[in-house]
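S.K.: based on what follows, work out the 3D shape:
(one chain, ligands or ions: 4)
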Amino acid sequence: MSFDLLIKGGVVATASDVFRADIGVRDGVIAALGLDLGAADEVIDASGKLVLPGGIDSHVHIAQPSGDGIVMADDFESATRSAAFGGNTTVMPFCMQERGTPLRATLADYHAKADGECFVDVSFHLVISEPNAQTLGQDLPALIEDGYTSFKVFMTYEGLALDDMEMLEVMSTARETGALVMVHAENYDAIRFLADRLERAGKTAPFFHGPSRPIPVEREATHRAISLAEIVDVPVVIVHVSNREAMEEIARARRRGLKVYGETCPQYLVLTEKDMDGLNMEGAKYVCSPPPRDEAHQQACWEGLEQGIFDLFSSDHCPFRYDDPKGKLNPKARTSFRWVPNGIPGVETRLPILFSEGVSKGRITLQQFVALSASNHARMYGLTRKGSIAIGMDADIAIWDPEREVVISQSLLHHGPDYTPYEGIPVKGWPVTTIVRGKPIVRDGALVGAKGQGGYVVRERSAYARPKTRP
Ligand code: URP
Ligand code: ZN
Ligand code: ZN
Ligand code: ZN
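M.R.: Ligands and ions are numbered 1, 2, ... in the order given. The predicted model follows:
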């Protein structure tokens, strides 16, 4: 029997192995792995290339309304096109509950924005901002049954921050339903205290975003989130970890046998707080939370990736424009760091940065790259048909040229914002072809797929979370 697609001559890598094999695809699924597999309708020559599971970026923000009417610079079409060019086959955006809106209504909104628009597959995390009886007693348990098996909670941000009682209630619901909790760990009161003080001293430039959220702000909240999860006995993922001290809280919890998982992001490997020191609004283009730290903490994040303290490497893609053609940037953002939207773009550059700085420079193995870019995300978030190259899995594949040298530049990228914070960074290794469920979306660097080829993925529960009764 012949195949729909044959990927021939490449070196295949999974999270555990690297081997020479051709891949036969039928009906969007990997049907055969081996040599001399036979005929196919379409053949892709992968000689001299690496054939890897398509990237899964389990932390992106797309078309999220932020307060103050600021509009995100990517809709589902542009974000998923950009993701495909960056070697990704699945992205996981947040469906952000705004206070006063029921979860189901929010979700319907996001589906309406995504349906028919995507180049790669998509699956939503929920964000719980109003943990009332309706949300925790009814909506959330039903949505988890429907395959929305993870949600994020925030310990900071106006209108989002949960107090400890609310965190415990939410975590307890996660325990009973087998959902996985993701935590944004920063101490809200400490940030407000420091931001007030900085503003009163006239320190309002974007640079002061960093000093308003120093490391203890993150370390304390990380410790508290882990303690709350321990009290309720539920697994937890600490997302976007920026520094050694927060990472050590995670490592210590793991040594004690707790199911605590960590995620770090490119901004904590290659940016520093000094990047926020640009004149006028240039520094604002690097404002994200937690903020980038310094070289010593970059090194710590690398150690976390090498040693498996971090299971996940995600972009935290959160795109805004600064050229401001239609006045979309809140004018107050020019008056104080406090009003600069938090978040930077990176869905297209996440994997080239990890590949180049990690694999090409010998810090991590190719297998670790696959785990950190795809396999661990699939396991963590219940994407059971994705994240590996094996018979029966979705044929979600990225073909990489490991020798290709590129200098990252806005002009090469396909995202909506008007800049990349990674401008000028040289990388070795680049994704050239991206295949979603057996269909090429990007081929040899050119868009060949159409929007709507990406679909919505209903998920199983995390491999790490199982329903348990109330402790
Ligand atoms: O600054 C950031 N990280 N913005 C995105 C929202 C979030 O907290 O993940
Ligand atoms: Zn949908
Ligand atoms: Zn966050
Ligand atoms: Zn985020």
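S.K.: quick check: residue 157 is in a helix.
M.R.: No: with DSSP: H, G, I helix; E, B strand; the rest coil as the criterion, residue 157 is assigned coil and is not in a helix.
S.K.: what separation is there between it and residue 364?
M.R.: Residue 157 is 32 Å from residue 364, where distance means CB to CB, to the nearest Å. For glycine as for every other residue, the C-beta is placed from the backbone atoms N, C-alpha and C.
S.K.: so between those two, which is more surrounded?
M.R.: With neighbours defined as other CB atoms under 10 Å, residue 157 and residue 364 compare such that residue 364 has more, 19 against 16.
S.K.: and that one, how far is that from ligand 2?
M.R.: The gap separating residue 364 from ligand 2 is 35 Å, by CB to the ion, to the nearest Å.
S.K.: that residue is in contact with residue 304, isn't it?
M.R.: No: with contact defined as CB atoms under 8 Å, residue 364 does not count as touching residue 304 (11.1 Å).
S.K.: okay, residue 325: pLDDT?
M.R.: Confidence at residue 325, expressed as pLDDT, is 56.
S.K.: no no, residue 59
M.R.: According to the prediction, residue 59 has pLDDT 99.
S.K.: secondary structure element holding it?
M.R.: strand 55-60 (DSSP states H and E).
S.K.: for that strand, C-alpha coordinates in CSV please.
M.R.: Extracted C-alpha coordinates of strand 55-60, given in CSV (Å, rounded to 0.1, in the frame of the first residue of the first chain):
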residue,chain,number,x,y,z
GLY,A,55,7.2,22.1,18.0
ILE,A,56,4.5,22.4,20.6
ASP,A,57,4.4,25.9,22.1
SER,A,58,2.3,25.5,25.2
HIS,A,59,2.4,29.1,26.3
VAL,A,60,1.2,31.7,23.8
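S.K.: now do the contacts for residue 431.
M.R.: Residue 431 makes contacts with 55, 85-87, 351-352, 398-400, 442, as judged by CB atoms under 8 Å, 6 or more residues apart in numbering.
S.K.: again with residue 291
M.R.: Contacts of residue 291 (CB under 8 Å, 6+ apart): 209-210, 213, 242, 273, 276.
S.K.: how about the contacts of residue 431 in CSV, adding secondary structure?
M.R.: Shown next, in CSV, are the contacts of residue 431 (three-state DSSP):
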residue, secondary structure
55, strand
85, helix
86, coil
87, coil
351, helix
352, helix
398, strand
399, strand
400, strand
442, strand
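S.K.: so the nearest residue to residue 177 once chain neighbours are set aside: helix, strand or coil?
M.R.: Using CB to CB, 6 or more residues apart in numbering and skipping the chain neighbours, the partner closest in space to residue 177 is residue 144 (4.5 Å). Remark: residue 144 carries the secondary structure label helix [criterion: three-state DSSP].
S.K.: I'd assumed residue 178 was in contact with residue 144.
M.R.: Yes: with contact defined as CB under 8 Å, residue 144 reaches residue 178; the gap is 7.0 Å.
S.K.: which one of those two has more residues nearby?
M.R.: Comparing residue 144 with residue 178 by neighbour count (other CB under 10 Å), the higher total belongs to residue 144, at 24 against 21.
S.K.: the more buried one: what's it in contact with?
M.R.: 177-179, 461.
S.K.: any idea how far it lies from residue 213?
M.R.: 31 Å.
S.K.: cool, and residue 206?
M.R.: Residue 206 is 13 Å from residue 213, by CB to CB.
S.K.: now residue 449
M.R.: Residue 449 is 39 Å from residue 213, where distance means CB to CB.
S.K.: swap in residue 5?
M.R.: Taking CB to CB, one finds residue 5 at 47 Å from residue 213.
S.K.: before we move on, what about residue 285?
M.R.: Taken as CB to CB, the span from residue 285 to residue 213 is 17 Å.
S.K.: list the contacts for residue 250?
M.R.: Counted by CB under 8 Å, 6+ apart, residue 250 has contacts 222, 226, 238, 241, 260-262, 304, 309.
S.K.: how about a cut-off of 10 Å?
M.R.: 185, 222-223, 225-226, 236-238, 241, 258, 260-263, 304, 309-311 (CB atoms under 10 Å, 6 or more residues apart in numbering).
S.K.: what's near enough to touch the most centrally placed residue in the chain?
M.R.: Nearest to the geometric centre of the chain sits residue 59, at 2.3 Å (CA atoms, centre = their mean). Residues counted as contacts of residue 59 (CB under 10 Å, 6+ apart) are 91-94, 125, 152, 182, 237, 239-240, 263, 265, 312-318, 346-347, 350, 377.
S.K.: name the residues of the stretch 1-150 of the chain found near ligand 1, please.
M.R.: Residues of the stretch 1-150 of the chain lying near ligand 1 by CB under 6 Å from any ligand atom: residue 61.
S.K.: now do the strands in the stretch 1-150 of the chain.
M.R.: Taking DSSP state E, counting those that start in this stretch to define them, one finds strands in the stretch 1-150 of the chain at 3-8, 11-13, 18-20, 22-26, 29-34, 40-45, 50-53, 55-60, 88-96, 121-122, 125-127, 150-154.
S.K.: give me the beta-bridge partners of residue 18?
M.R.: residue 13 (DSSP bridges).
S.K.: ok, it to residue 10 distance?
M.R.: Applying CB to CB to residue 18 and residue 10 gives a distance of 11 Å.
S.K.: more neighbours: which of the two?
M.R.: Neighbour count, other CB under 10 Å: between residue 18 and residue 10, residue 10 has more, with 22 against 14.
S.K.: if you count neighbours, what's buried in the longest helix seen in the chain?
M.R.: Assignment by DSSP state H gives helix 215-232 as the longest helix of the chain. Residues of helix 215-232 classed as buried: 215, 217-226, 228-230, 232 (neighbour count, 16 or more other CB atoms under 10 Å).
S.K.: which one of the residues you listed is nearest residue 332?
M.R.: residue 217 (22.4 Å; CB to CB).
S.K.: quick check: the gap between that closest one and ligand 2.
M.R.: Residue 217 is 36 Å from ligand 2, by CB to the ion.
S.K.: isn't that residue up against residue 293?
M.R.: No: the criterion here is CB atoms under 10 Å, and residue 217 misses it with residue 293 at 11.8 Å.
S.K.: next one, pLDDT for residue 66 please.
M.R.: Looking at residue 66, its pLDDT is 73.
S.K.: quick one: contacts for the residue nearest to it when sequence neighbours are not counted?
M.R.: Of all residues not flanking residue 66 in the chain, residue 341 sits nearest, at 5.8 Å (CB to CB, 6+ apart). By CB under 10 Å, 6+ apart, residue 341 lies in contact with 66-68, 70-73, 284, 287-288, 318-322, 328-330, 333.
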